[in-house]
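A.B. asks: Got a sequence here, can you model it:
(one chain, ligands or ions: 1)
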Amino acid sequence: MVRNLPDRAQRRTSPRRRLRRRGRDATPTITLSMHLSRRSLLRASTAAALLSATGRQSAAAGLVGRAKDELPTPALVVDLDQLEGNITRLASHAKSAGIALRPHAKTHKCAAIARLQMAAGALGVCVATLREAEAMAEGGVGGLLLTSEMVGGVKIRRLVELTRRRPDTMSVVDDPGHAAELSAAARAAGLTLNVLIDIDPGSRRTGIAPGEKAADLARRITALPGLRLRGIHCYSGSSAHVTGFEQRRAHSEKAMAPAIATFLELRREGLPMEILSGGSTGTYNIDPAFGAMTELQAGSYVFMDVDYRRIGGKSGAVYEDFAPSLAVIATVISRPERNRATIDAGLKAFATDRKFGPEPKDLAGATFSWGGDEHGILDLAKASREPRLGDRLEFIVPHCDPTVNLHDHIHALRGDRVEAVWPVARGYG
Ligand SMILES: Cc1ncc(COP(=O)(O)O)c(C=O)c1O
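C.D. replies: Next comes the predicted model:
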């Protein structure tokens, strides 16, 4: 029908304007969409995504200066005094232990926090994904070390572009074929890619075996144009959460010894071994004593979580070297029984990869169980008090890194005020 054809003016308007018009007039979305070409539909949906992202950003900015009780729940929050305390504590420990810091930004995915770590003396930050790396670079943070192998044309192209902007970027390699691909990409782009050899500490996640295999890869890399070998990366994730300080120390020592021996041997051979990077929040006060590691890549220490608090410290059953600065605020939305309170935070607000759930900060004796996507259930039979409908409760998260990845923003609190709202570089895109 003629009246269904788009008129010329409508064809000429931009997708953004069309979307605005769609918001104003009563024309149902479906009528307009039917007459858009596939390309303009794609453009329109991109514009819609941008508008909604911008909308979320400005809504978030509107929260700055408000009381924390005004945050819509569930809200991911960080206590700035505790966060800054954690950053200072690790920085001064590293300084006195004579080791550099390149903290892992996979924990917070947030350039503002990385800048605080840099201001406290970090050399740069480690990142796990290109999304994190690009967000750090955009936020003015350099000294990036990608601790996962950037394999495949798509990732290598992004790594090259990142290195163009930040020439000191480093990434890891555990395979000669991958090294050759990186070398070819670097030569084609006319730049140098900095690499570390990724050694497997026995976790069997990534990494080449220490000893002769790693040495052979190191020698090959030094012969490849476009690559600059900087040293060794060896992260023993399985040491990080070993319960008990002595057991953790013994585990880390055993895991790191072969990589350390390889590092020292390659140094003796005259290969460029400036960096031996590894370590975690669980081993920050263990690994420097091994004598050979040049930098620590602890991540969770900025926030802490239930998982880490359970491993035990040097002198107690709770690991309290760093304060639990991160929390999710949730609201009690149902209170049908005396011993039960249901909150508005469930599987989509907290990471679910651990056997345990979040821990309420100010409600001793209450136990949490999952109630669904948007629901958490508190058993109050042994609780120290009885929360009321509408009460807002704060929870230490079970595992900080994947919890942060569920949220668009971290709300930074100074006392009870929102001082800043920081975007999280979540996802992969
Ligand atoms: C490669 C690598 N380095 C460092 C870390 C930081 O460890 P943590 O958060 O336990 O301090 C991680 C965490 O998963 C990691 O994967």
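
A.B. asks: Would you mind listing what in the chain touches the ligand?
C.D. replies: Counting by Cβ under 6 Å from any ligand atom, the chain comes close to the ligand at 104, 106-107, 126, 147, 235, 237, 240, 280-282, 297-300. The way it works is simple: take the backbone N, C-alpha and C, and place the C-beta from them, glycine included.

A.B. asks: what's the closest non-adjacent residue to the residue nearest the centre of the chain?
C.D. replies: What sits nearest the mean C-alpha location of the chain, by Cα atoms, centre = their mean, is K106, with 2.5 Å. Spatially, and ignoring its direct neighbours in sequence, K106 is nearest to A128 (4.1 Å; Cβ to Cβ, 6 or more residues apart in numbering).

A.B. asks: check contacts around the one you found.
C.D. replies: 104, 106, 146-148 (Cβ atoms under 8 Å, 6 or more residues apart in numbering).

A.B. asks: swap in G365?
C.D. replies: G365 touches 380, 382-384, counting by Cβ under 8 Å, 6+ apart.

A.B. asks: so the closest residue to it other than its chain neighbours, which of the three states?
C.D. replies: The shortest distance from G365 to any non-neighbouring residue, by Cβ to Cβ, 6+ apart, is to K382 (4.0 Å). Of the three states, K382 takes coil under DSSP: H, G, I helix; E, B strand; the rest coil.

A.B. asks: Tell me how many other residues surround K382.
C.D. replies: Counted by other Cβ atoms under 10 Å, the residues lying close to K382 total 10.

A.B. asks: that older thread, residues contacting the residue nearest to the centre of the chain?
C.D. replies: By Cβ under 8 Å, 6+ apart, the residues touching K106 are 126-129, 132, 147, 299, 401.

A.B. asks: With A105 instead?
C.D. replies: 113-114, 125-127, 132, 136, 141, 299.

A.B. asks: Let's see that with 7 Å instead.
C.D. replies: Contact analysis of A105 by Cβ atoms under 7 Å, 6 or more residues apart in numbering lists 114, 125-127, 132, 136.

A.B. asks: for T129, same thing?
C.D. replies: Y428.

A.B. asks: For my notes, confirm D216 occurs in a helix.
C.D. replies: Yes: looking at D216 with three-state DSSP, it is inside a helix.

A.B. asks: rewinding a little: show the buried residues in the contacts of G365.
C.D. replies: 380, 383 (16 or more other Cβ atoms under 10 Å).

A.B. asks: one step back: from I156, how far out is the residue nearest to the centre of the chain?
C.D. replies: Counting by Cβ to Cβ, to the nearest Å, the gap from K106 to I156 is 20 Å.

A.B. asks: In a markdown table, list the contacts of G365 along with pLDDT and distance to E394.
C.D. replies: Output for the contacts of G365, formatted as a markdown table (pLDDT from 0 to 100; distance: Cβ to Cβ, whole Å):
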| residue | pLDDT | distance to E394 |
| --- | --- | --- |
| L380 | 98 | 16 |
| K382 | 98 | 19 |
| A383 | 98 | 15 |
| S384 | 96 | 15 |
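
A.B. asks: now the contacts of G365 as JSON lines including distance to L63?
C.D. replies: Formatted as JSON lines, the contacts of G365 follow (distance: Cβ to Cβ, whole Å):
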{"residue": "L380", "distance to L63": "30"}
{"residue": "K382", "distance to L63": "35"}
{"residue": "A383", "distance to L63": "30"}
{"residue": "S384", "distance to L63": "30"}
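
A.B. asks: Check the contacts of G365 and tell me the two furthest apart.
C.D. replies: Farthest-apart pair in those is L380 and S384; separation 9.4 Å (Cβ to Cβ).

A.B. asks: Show the average pLDDT along stretch 228-238.
C.D. replies: For stretch 228-238, the mean per-residue pLDDT is 98.

A.B. asks: Just give me how far that stretch sits from the chain centre.
C.D. replies: 19 Å (Cα atoms, centre = their mean, to the nearest Å).

A.B. asks: measure it end to end?
C.D. replies: 29 Å (Cα to Cα, to the nearest Å).

A.B. asks: What of stretch 186-200?
C.D. replies: Using Cα to Cα, first and last residues of stretch 186-200 are 26 Å apart.

A.B. asks: buried stuff in that stretch?
C.D. replies: 186, 189, 193-200.

A.B. asks: Ok, stretch 256-269 next?
C.D. replies: Neighbour-count burial for stretch 256-269 [16+ other Cβ under 10 Å]: 256, 258-260, 262-263, 265-267.

A.B. asks: before we move on, what about stretch 360-369?
C.D. replies: 360, 363, 366-368.

A.B. asks: Narrow those to those in strands?
C.D. replies: Among the buried residues of stretch 360-369, the members found in strands (DSSP state E) are 360, 367-368.

A.B. asks: Redo these as TSV? Include pLDDT.
C.D. replies: Output for these, formatted as TSV (pLDDT from 0 to 100):
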residue	pLDDT
P360	97
T367	97
F368	98
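
A.B. asks: out of these, which one sits closest to L347?
C.D. replies: Out of those, the member with the shortest distance to L347 (by Cβ to Cβ) is F368, at 12.1 Å.

A.B. asks: isn't that closest one right up against G376?
C.D. replies: Yes: with contact defined as Cβ atoms under 7 Å, F368 counts as touching G376 (5.7 Å).
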